[in-house]
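**Student:** got a sequence here, can you model it:
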Amino acid sequence: MQLKKYITSKNEVLLYCGEPNLSMLDELANRAGDVWHSSLDQGYNNCFQDLMYQTAVYWWFLNDIKNQDNCVCWRINVNAFVVRETVWNQINGLDLQYESNIMSGLDFGYNLLRNQAGIPLNIKGLFPSEENNIQISTQDRYTFFFKNFKRQHPFYMMLRKGIFKFPSEFKAYIQAKKKAVKYVDKTIKPKALNPIEGKPTVSLVIPTMRRQAYTQLLLEDHKNQSYLIKEAVIVDATPEEERDDKFYRNEDFPFDVIVKWQTSKGSCRARNEAIDLCTGEYIIFADDDVRVLPDFVENHIRLLQTYNTAACNGLDIMAENIHQDLSDLKNRLAKIEDKIWKVGVSSIFSNANSCVRRDVVQKLIGNDVNFDGGYGEDADFGLSILKEGEVLLHNPYSPNLHLKPPQGGYRWWGSEAKKKGKNRKIQPWELNKPVKNIVPKPSPTITYGVLKHFTPQQVREWRTKHFFLFLFKNDPKKLPIRILQLPYKQLQFSKSLQYAKALINLGVRYK
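**Tutor:** This is a model prediction of the structure:
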């Protein structure tokens with residue numbers, strides 16, 4: 001493929017094909033991004049939806065982001081894109097085993113985003129708008145699936161296409177199985193982090209409940225940071241009779257400790273109450289049971305400044321037991337050192353370890369409190385950052401050790417969801433319609449997040465795949481038992497949908 005060269009004012013080489021607006025390239029090269037294109041205005045919007053047969057609703061980027069001039073997007077028009085030369089050389093160009101260059105471009109963008117720690121961005125106006133009729137052959141579809149996924153995924157797709165399409169699907173399946181060459185792992189090297197520019201202020205947010213001692217440990221870690229936070233904002237739901245005033249004392253720390261005793265319920269409400277009290281230019285979100293190394297804050301800010309972006313998600317290392325400390329974290333990191341050094345766009349978000357510019361947090365208002373009492377608020381907040389047109393990066397330079405103590409914390413509410421009868425505390429998502437005999441599964445808040453961000457067709461595919469895996473993924477000897485269990489499992493799923501739809505009808509809430 002013949003690419004033209006453009007040299008920026010900082011002597012970086014960019015490669016391009018098509019007719020980009022060259023006046024935009026210097027600015028783009030100074031921001032986050034490895035590949036830039038305008039494919040969403042060239043007919044590529046939400047193309048190749050067959051990807052749902054592999055990912056269902058478990059990959060944020062199945063659907064393209066709407067109504068943003070700049071956004072993360074892997075659907076690349078291979079005839080009109082710009083790429084950093086250093087990135088192009090690391091990934092060795094396009095994969096040409098497809099019948100169509102359309103599929104080569106989609107494969108290029110998909111692997112860049114999902115596997116290679118790259119940052120592909122759609123930039124409105126970089127290339128002229130045009131009409132393209134995106135057609136993907138059955139053969140290319142199976143080639144992509146065999147190249148990128150385990151063999152059960154193309155087989156599942158063939159089953160889902162139905163009996164009337166089976167002859168042509170089976171033929172393509174067999175041909176691709178013989179010829180497709182598996183994807184070879186190539187990871188783009190991260191940039192060296194620049195020193196911090198200026199003196200940006202940082203707020204730390206910690207929602208907690210019945211874990212004052214663990215929260216104090218985290219505050220002690222922040223006392224030893226190479227770059228000190230301005231303030232720690234703690235929203236604590238510990239009942240008054242269980243509080244200990246030896247914790248959270250301002251005189252013990254070189255930063256402000258702001259404590260609000262929570263009277264509302266739920267970690268989402270707690271974070272929103274904390275956000276209202278933050279004054280820093282950046283907000284670090286933390287769980288109450290994590291430990292961090294002395295360069296934790298510094299590396300969050302350095303990464304965001306180096307890549308000129310607004311949000312990142314840190315590396316979350318689960319402790320082997322609650323007694324581990326920072327020396328154990330260092331040992332764990334040393335063992336996995338070869339695997340962690342990549343940046344790229346994050347496909348998860350963790351309220352246990354993340355850093356977001358405060359102006360972006362304010363645009364989002366906060367966490368959707370419909371998730372309180374359940375799970376999924378992290379993913380919802382992270383996806384909401386991306387839908388604002390921001391780039392959410394993975395940050396391997398700021399790891400934490402996650403202790404996960406069995407007692408305390410907001411998951412106490414989640415544990416109540418497993419109970420039945422009078423002893424059960426009503427969950428916020430029940431909306432005064434208590435669960436009776438059938439306990440909804442998956443968690444209604446997880447289902448709410450799926451309904452909120454994915455199409456009805458994708459939700460149906462999620463349900464189909466959910467029960468397909470329930471029946472066939474595990475020990476085949478237990479298949480008869482699972483078949484007997486299936487009607488009750490279907491009732492549980494339907495009950496989860498019922499509660500989730502009630503939350504959808506209620507709308508997004510922040511208080």
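
**Student:** what's the domain layout of this protein?
**Tutor:** By the assignment in automatic domain parsing, the chain contains the domains 4-135, 202-402, 417-506.

**Student:** okay if I get the ones you listed as CSV plus mean pLDDT?
**Tutor:** Listed next are these as CSV, based on pLDDT from 0 to 100:
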stretch, mean pLDDT
domain 4-135, 96
domain 202-402, 95
domain 417-506, 91
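
**Student:** and the most centrally placed residue in the chain, what does it touch?
**Tutor:** Nearest to the mean C-alpha position of the chain, counting by C-alpha atoms, centre = their mean, stands Ile348 at 2.0 Å. The contact partners of Ile348, by C-beta atoms under 8 Å, 6 or more residues apart in numbering, come to 313, 378-379, 382. The way it works is simple: take the backbone N, C-alpha and C, and place the C-beta from them, glycine included.

**Student:** would you say it is within a helix?
**Tutor:** No: counting by DSSP: H, G, I helix; E, B strand; the rest coil, Ile348 is not found in a helix; it is coil.

**Student:** mind checking which helix or strand Arg291 is in?
**Tutor:** Remark: Arg291 resides in strand 290-292, with elements defined by DSSP states H and E.

**Student:** packing partners for that strand?
**Tutor:** Packing contacts for strand 290-292, counted by 3 or more C-beta pairs under 8 Å, 6 or more residues apart in numbering; DSSP states H and E, involve helix 212-223, strand 392-402.

**Student:** comparing the ones you listed, which comes out most buried?
**Tutor:** Of the helices and strands packed on strand 290-292, the one with the most neighbours on average (mean count of other C-beta atoms under 10 Å) is strand 392-402, at a mean of 23.

**Student:** that strand relative to helix 212-223, how many degrees between them?
**Tutor:** Orientation note: strand 392-402 sits at an angle of 120 degrees relative to helix 212-223 (axes from the mean of the first three to the mean of the last three C-alpha atoms, to 10 degrees).

**Student:** could you pull out the strands for the stretch 51-200 of the chain?
**Tutor:** Ranges of strands in the stretch 51-200 of the chain, per DSSP state E, counting those that start in this stretch, are 70-72, 81-84, 120-123.

**Student:** ok, which of those strands comes nearest Val235?
**Tutor:** strand 70-72 (31.0 Å; C-beta to C-beta).

**Student:** partner strands of the strand holding Arg291 and their direction?
**Tutor:** strand 392-402 (antiparallel) (DSSP bridges).

**Student:** please state the offset of the partner strand from the chain centre?
**Tutor:** Its chain's C-alpha centre and that of strand 392-402 lie 13 Å apart, by C-alpha atoms, centre = their mean, to the nearest Å.

**Student:** just the CA trace of it, in PDB.
**Tutor:** What follows is strand 392-402, C-alpha atoms only, in PDB (Å, rounded to 0.1, in the frame of the first residue of the first chain):
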ATOM      1  CA  LEU A 392     -10.400   7.000  28.000                       C
ATOM      2  CA  LEU A 393      -6.900   5.400  28.300                       C
ATOM      3  CA  HIS A 394      -5.600   2.400  30.200                       C
ATOM      4  CA  ASN A 395      -2.800   3.500  32.600                       C
ATOM      5  CA  PRO A 396      -0.400   0.800  33.600                       C
ATOM      6  CA  TYR A 397       1.800   3.300  35.400                       C
ATOM      7  CA  SER A 398      -0.600   3.800  38.300                       C
ATOM      8  CA  PRO A 399      -1.400   0.400  39.800                       C
ATOM      9  CA  ASN A 400      -3.300  -0.300  43.000                       C
ATOM     10  CA  LEU A 401      -3.500  -3.300  45.300                       C
ATOM     11  CA  HIS A 402      -7.200  -4.200  45.800                       C
END
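
**Student:** would you mind measuring from Asp140 to Val78?
**Tutor:** Look at Asp140 and Val78: by C-beta to C-beta, to the nearest Å, they are 13 Å apart.

**Student:** do the same with Ser129
**Tutor:** 17 Å.
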